[in-house]
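Enquirer: build me a structure from this.
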Amino acid sequence: MTNNTIVATATAPGRAGVAVTRVSGKRARDVITSLCGHLPEPRKATRFLFRDPGTGDVIDDGLVLWFPGPASFTGEDTAEFQGHGGKAVTDALLQAIRHLDGVRIAEPGEFSRRAFLNGKLDLTRVEGLADLIQAETDAQRRQALQQMDGALARLYDSWREELIRRLAWMEAHIDFPDEDIPPDLDRSARNGLEELAQTIDAYLSDNRRGERIRDGIQIAVLGRPNAGKSSLVNALAQREAAIVSDRAGTTRDIIEVHLDLGGFPVTIADTAGLRSSNEDIEAEGIRRARVRASTADLKITVFDLTEWPELDEETLSLVDSSTLIVLNKSDVATTHPDRMVTISGTRPLLLSTHSGEGMAELLSTLTAMVAERLNAGAHVPPALTRQRHRDALEDCRDSLLRAIHAPMLELMAEDVRLAARALGRITGRVEVDDLLDVIFSDFCIGK
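Expert: The predicted structure is shown next:
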């Protein structure tokens, strides 16, 4: 694959002031000289006229950056053309480059794939880069940037290196039983493996914090028909995302709204009003509302304050520690609860979606609940962000637990090897090739 030189437009399609076209591979140098006449100084932006090598026509007037490998993103010779962002300009530049011998259009993600194959990025950094490109909120940006900077790789590699070091001593004891090996090696090894297994198990018990930041916190808005659920969702979205009507049962299906709430990604789900219904479509919507209530990270239960002190029992049954209770229609209600009153141990918020009264407090409270759910501000290790990380870590932990109780050192060593490989799968280091190097360095010290 890397025998070819690849080219692609790095910026989004459409009109813009500047568009970037990248070239990577052994012919990157020739691409620059063919279009610009000569090479610029490495890593120095230089102005050129871009000419079509076939016709000599000027395509654009822009900047060129030249990155000789391996000091480039992909580890290969790389060129970057920064021209004007009109579609005709970018298309002409791309076609002129791809018609050169040995150059082809890059496949999706191929620049990052080459960076991985050439040892410039590990898999977690590649994933962090993808997350950074997709980030829509500040929390997503910070997490992606931390991962792209190698925080996950450093954590997993430190665990893997510890296992490889312990495995080296086990292999040495197996292969050279007559050498001067500490007699308490077996007990020390098992204690060390148990400690690491407990560390990984605690790390896995993170309430899926990283995945929630990537995908967004799910918040379900629940309540009886006409309690004001759709009006609340529209107020949070600051647009008419859901239909509002005095007719009960207007909302049938779940309507989702994606928001940036204090820098955190959230998905607000407007659900069908909870009540008994013989109408098939409405009954299905109510069933889906109950399912969403059971799977949501947080819930907002909306009650009609004009009915105070009566409360809908079905909605009330959904209140738990992850619920924000709202008493809506405070602007028209004739009776208001005492400020110290609680519902199921939680103080409700008085709100009017019509006048906006209480919206600031609701947003503040909801943001705090989301931040607490994600452990924002806490001193915690970098969060795992994908299910494949979780699967590999669970395999690692299970292998360590088997190793701890293995009846023979040979069986223990094999399970430790499997644990190290499980960690290696996360970053792309799928083998334990550096085992001999560790053995060599350890046995040379002091000899």
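Enquirer: who are the contact partners of the closest residue to T267 other than its chain neighbours?
Expert: For T267, ignoring the flanking residues on the chain, the nearest one in space by CB to CB, 6 or more residues apart in numbering is G216 at 4.8 Å. The C-beta positions use only the backbone N, C-alpha and C, and glycine is treated the same way. Counting by CB atoms under 8 Å, 6 or more residues apart in numbering, G216 makes contact with 258, 265-267.
Enquirer: what does S24 give?
Expert: Neighbouring residues of S24 by CB under 8 Å, 6+ apart: 5-6, 72-74, 76-79, 106, 111, 114.
Enquirer: now, those residues that are in helices?
Expert: Among those, the residues falling in helices (DSSP state H) are 111, 114.
Enquirer: enumerate the positions of stretch 367-383 that are buried.
Expert: 367, 369-371, 373-374, 376, 382-383 (16 or more other CB atoms under 10 Å).
Enquirer: likewise for stretch 401-421?
Expert: 401-404, 406, 409, 412-421.
Enquirer: ditto for stretch 359-368
Expert: 359, 362, 366-367.
Enquirer: possible to save these as TSV with pLDDT, secondary structure and distance to T342?
Expert: As requested, the buried residues of stretch 359-368 are exported to TSV (pLDDT from 0 to 100; DSSP: H, G, I helix; E, B strand; the rest coil; distance: CB to CB, whole Å):
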residue	pLDDT	secondary structure	distance to T342
M359	92	helix	21
L362	92	helix	17
L366	93	helix	18
T367	92	helix	21
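Enquirer: S294: neighbouring residues, count only.
Expert: 10 (other CB atoms under 10 Å).
Enquirer: element containing it, please.
Expert: helix 280-295 (DSSP states H and E).
Enquirer: so what secondary structure elements neighbour that helix?
Expert: Counting contacts by 3 or more CB pairs under 8 Å, 6 or more residues apart in numbering; DSSP states H and E, helix 280-295 packs against strand 217-223.
Enquirer: quick check: angle from whichever helix or strand comes after the strand it packs on to helix 280-295?
Expert: Note on strand 217-223: by DSSP H and E, the next helix or strand toward the C-terminus is helix 229-237. Here the directions of helix 229-237 and helix 280-295 differ by 50 degrees (axes from the mean of the first three to the mean of the last three CA atoms, to 10 degrees).
Enquirer: show me what helix 229-237 is packed up against.
Expert: By 3+ CB pairs under 8 Å, 6+ apart, helix 229-237 packs against strand 217-223, strand 255-261, strand 264-270, strand 298-304, strand 323-328.
Enquirer: quick check: mean pLDDT of the following helix or strand past the fourth one?
Expert: Past strand 298-304, further along toward the C-terminus, the next helix or strand under DSSP H and E is helix 313-316. In this model, helix 313-316 has a mean pLDDT of 88.
Enquirer: for the stretch 301-447 of the chain, just list every one of the helices.
Expert: 313-316, 359-373, 387-404, 409-427, 435-444 (DSSP state H, counting those that start in this stretch).
Enquirer: would you mark the buried spots in the shortest one?
Expert: Taking 16+ other CB under 10 Å as the basis for neighbour counts, the residues of helix 313-316 that come out buried are T315.
Enquirer: contacts for it next, please.
Expert: With CB under 8 Å, 6+ apart, helix 313-316 has contacts from 222-224, 227, 274-275, 301-303, 343-344.
Enquirer: try it again at 7 Å.
Expert: With CB atoms under 7 Å, 6 or more residues apart in numbering as the test, helix 313-316 has contacts from 222-224, 274, 301, 303, 344.
Enquirer: could you identify the helix or strand that succeeds the biggest helix by length in the chain?
Expert: The residue-count maximum for a helix in the chain (DSSP H) belongs to helix 151-175. Using DSSP H and E, the helix or strand that follows helix 151-175 towards the C-terminus is helix 185-204.
Enquirer: mind checking the pLDDT average for that next one?
Expert: On average, helix 185-204 scores 89.
Enquirer: again with stretch 369-384
Expert: 80.
Enquirer: chain center to that stretch, what's the gap?
Expert: The chain centre lies 14 Å from the centre of stretch 369-384; the measure is CA atoms, centre = their mean, to the nearest Å.
Enquirer: and that stretch, end to end?
Expert: 21 Å (CA to CA, to the nearest Å).
Enquirer: which residues does that stretch contact?
Expert: 143, 146-147, 151-152, 155, 203, 206, 209-210, 212-213, 217, 261, 264, 266, 297-298, 324, 390, 393.
Enquirer: just stretch 266-276 next, same as before
Expert: So stretch 266-276 is contacted by 216-226, 229-230, 233, 236, 242, 248-249, 251-252, 254-259, 282, 285-286, 288-289, 292, 314-315, 370 (CB under 7 Å, 6+ apart).
Enquirer: cool, thanks, talk later.
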